[in-house]
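A.B. asks: show me how the following folds:
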Amino acid sequence: MSGKKRFTPEELARLPEFHHPRVGPDGERIAFYYDGTGRNELYVQHVETGERRQISDGEVPRAARWPIAWGADGEEVLFHLDDDGDEQNDIWAIDLDGDAEPVIETPGQASLQDVADDGRLLYASDEGEQMNLYLFDPAAGESEQLTENDEPVRGGSFAPDDDRIAYTTNETEAMENRDAYVMDLETGESRRLDIGETGSQTAAVDWHPDGERLLVRDDTEDFTNAGVYDLESDEVRWLSGGDAEESPQAFGPDGDHAYALRSENAGRAPIVYDLESGESETLDLAEGVASLAGGEHFLADGRPVFTQTTPDTRSSLLAYDDGATETLIEPDYGDIDPDAFVDAEYVTYESADGLEIGALLYDARDRPDGSEDEQTPGVVKVHGGPHGQSMQSFDLYAQFLVSEGYSVLLPNYRGSVGRGREFQQAILGDWGGAEQGDIAVAVEHTLDRYSF
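C.D. replies: The predicted structure follows:
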C-alpha cells in the first residue's frame, strides 16, 4: 500500500474518530459522536443502508468524554453538556432534525444512567453534595430523589417492567467495597444482593428479560467473575472459571445467552455463555481490545455490536455473526499508510520481590524502515490511575515514538487493573512505593533481553 511512512503527532491526532456508539431501540440505527468535520458532532447511521447523517451542529460538547443514550421512542438522542467547561453536566436532548434543548438542569453534576420504556430518566446527581440517584418524569417535568447514601451511587438500571432499579454503592467502612442493590420504586425499599464479602466489588450489570434474574460481577475470589443472580432464591450461578478477569456485559436478546469480556495479557476478548449448558465460546475477533456497544447492544437481527482495536489498528465498529463480521464504521487513516504502524508484544518479568509484572513492548526495529541489528533509544510510558492499565489498543503516542525510532515500553505495575483484586490492591498503603520498583525493573529486563 502506498502512502506516507512517517507522520507527526498532529496528523495522528487529527484523524477522525467515533466515540460512544449506541444501538437504537429499533436495532436498526446507531448513534455516535464523530469528529470528521474537525469538531465533535452527533451522527446517526442506518445499519442496513450505511447512510450516515449529522444531526448536531455545535450543540454538543467539543470533547466526547461522556456517553450518550437514545430516548425511549428512538426519535431523540440524550447527551451531557456542561457550561463552558465547568464539568457540571446537565442532560440535553436533540431530535433527529437537530433541535436541542435541556431536559434536566441541576446545580451540580448529572450523569444519565438509564431510560425507561415510558420515557422516565434515571440519573445520578451530586446536587445534594453526594452522588445519588434521581428519577425524572418528563410528563410532570419533575425529579424525585431515590437514594440518600453517604457514598456515591453508581450503575443504575431499570428492570424490564420499569418498576424496580438495580444500582451499586458502599455502605461499609471499607473504602474499596462495592455492593449491588435492587429498589422497588413504588415502596422505595432496597435490598442488598447476597454476593461477595466486605471489601470486594460487586455490581448488577444487566437485567434478564424475565425481570427475575440479574447479570452480576464480583471479585471475592480475586478475579472478577460473571454470574446470574436469581432474585427469588437469592442465589447466584457463576459462569466464569475464575482463572482470568471476566467482566459481564449483557444478556443476549433471547435471554438464553450472556456476554462477557475476558481480560488476559493486556487484551480483552468477548465471550458468550450458553445459560442452559454453561458452556462458553470466545468470539473470533482480532487479538486486541473489544467492547460491547452501548444502548440495546444488539441489532434487530440479533447480532451483537462491538468496537475493536489492536495495537496497530485504530477502532472500528463491527457487527458479529457466527465468526463473520460486518464493518459498520471503518477506521480512517487519512494519508497515513497503516502498514507503518507496529504491533506490540506482551512481555512478562519478575519484579524485585518476585511478583510477575506484564508490559507491552513496541520494538522500533519492527517498523518498515527498521533493522534487526539496530540499537534503539527507548521510552517508558507509564499509565496513570494508579488503577489503570495499558492495553493492546491503538496508542498514537507510542506509534509516533516508534516511527521516530524509539522503542516504547508500557508496564502494568502492581495496582493496575486486569489482573484481579489482589494485584490491584497490592498498592494500597504503599502508593509511590513498590510500583516504582516494578517500573525500574521493567527497564532493566527489557535492556537485558532485547539488547536495545
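
A.B. asks: OK, contacts around the residue lying closest to L299 once chain neighbours are set aside?
C.D. replies: Closest residue to L299 in three dimensions, ignoring its sequence neighbours and counting by CB to CB, 6 or more residues apart in numbering: G27, at 4.8 Å. Every residue, glycine included, has its C-beta placed from N, CA and C. Residues near G27 by CB atoms under 8 Å, 6 or more residues apart in numbering: V47, E296, F298, L299, A300, D301.

A.B. asks: what residues does the lengthiest helix in the chain touch?
C.D. replies: When the chain is parsed with DSSP state H, its longest helix is helix 434-450. Helix 434-450 is contacted by residues 347, 349-353, 355, 357, 359, 361, 363, 378, 380, 382, 386, 407, 409, 411, 413-415, 426-427, 452 when judged by CB under 8 Å, 6+ apart.

A.B. asks: from these, which would you call buried?
C.D. replies: 347, 349, 351, 355, 357, 359, 361, 363, 378, 382, 386, 407, 409, 411, 413-415, 426-427, 452 (16 or more other CB atoms under 10 Å).

A.B. asks: ok so, going back, if any of the contacts of G27 are buried, give me the PyMOL selection for them.
C.D. replies: Buried subset of those, written as a PyMOL selection, criterion 16+ other CB under 10 Å:
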select buried, resi 47+296+298+299
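
A.B. asks: before we move on, the earlier item: which of the contacts of helix 434-450 fall in helices?
C.D. replies: Filtering the contacts of helix 434-450 for helices - DSSP H - leaves nothing at all.

A.B. asks: so which strand or helix has the residue nearest to L299?
C.D. replies: Using DSSP states H and E, G27 sits within no helix or strand.

A.B. asks: please report the distance of it from A319.
C.D. replies: 11 Å (CB to CB, to the nearest Å).

A.B. asks: name the spans of this structure whose pLDDT lies under the cut-off.
C.D. replies: 1-5, 372-373, 451-452 (pLDDT under 70).

A.B. asks: tell me the centre residue of it?
C.D. replies: The residue lying closest to the centre of the chain (CA atoms, centre = their mean) is S291, at 6.3 Å.

A.B. asks: that one pairs with what?
C.D. replies: The bridge-partner assignment for S291, based on DSSP bridges, gives T307.

A.B. asks: the stretch 1-150 of the chain: helices as residue ranges?
C.D. replies: Ranges of helices in the stretch 1-150 of the chain, per DSSP state H, counting those that start in this stretch, are 9-13.

A.B. asks: hang on, I meant the stretch 201-350 of the chain
C.D. replies: Going by DSSP H, counting those that start in this stretch, the stretch 201-350 of the chain shows no helices.

A.B. asks: show me the strands in it, by range?
C.D. replies: Assigned by DSSP state E, counting those that start in this stretch, the stretch 201-350 of the chain shows strands spanning 202-207, 213-218, 225-230, 235-238, 245-251, 257-264, 267-274, 280-282, 289-292, 294-295, 305-310, 313-321, 324-329, 345-350.

A.B. asks: so what touches stretch 145-153?
C.D. replies: Contacts for stretch 145-153 (CB under 8 Å, 6+ apart): 124, 128, 130-135, 165, 167-171, 183, 185, 188, 190.

A.B. asks: take it, keep the C-alpha atoms, and write them as PDB.
C.D. replies: Extracted in PDB, the C-alpha atoms of stretch 145-153 (Å, rounded to 0.1, in the frame of the first residue of the first chain):
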ATOM      1  CA  GLN A 145     -34.500  11.600  44.800                       C
ATOM      2  CA  LEU A 146     -34.400   7.800  45.200                       C
ATOM      3  CA  THR A 147     -31.300   7.200  47.300                       C
ATOM      4  CA  GLU A 148     -29.800   9.100  50.200                       C
ATOM      5  CA  ASN A 149     -26.400   7.400  50.600                       C
ATOM      6  CA  ASP A 150     -23.300   8.800  52.200                       C
ATOM      7  CA  GLU A 151     -21.100   7.100  49.500                       C
ATOM      8  CA  PRO A 152     -21.500   7.500  45.700                       C
ATOM      9  CA  VAL A 153     -24.300   5.500  44.000                       C
END
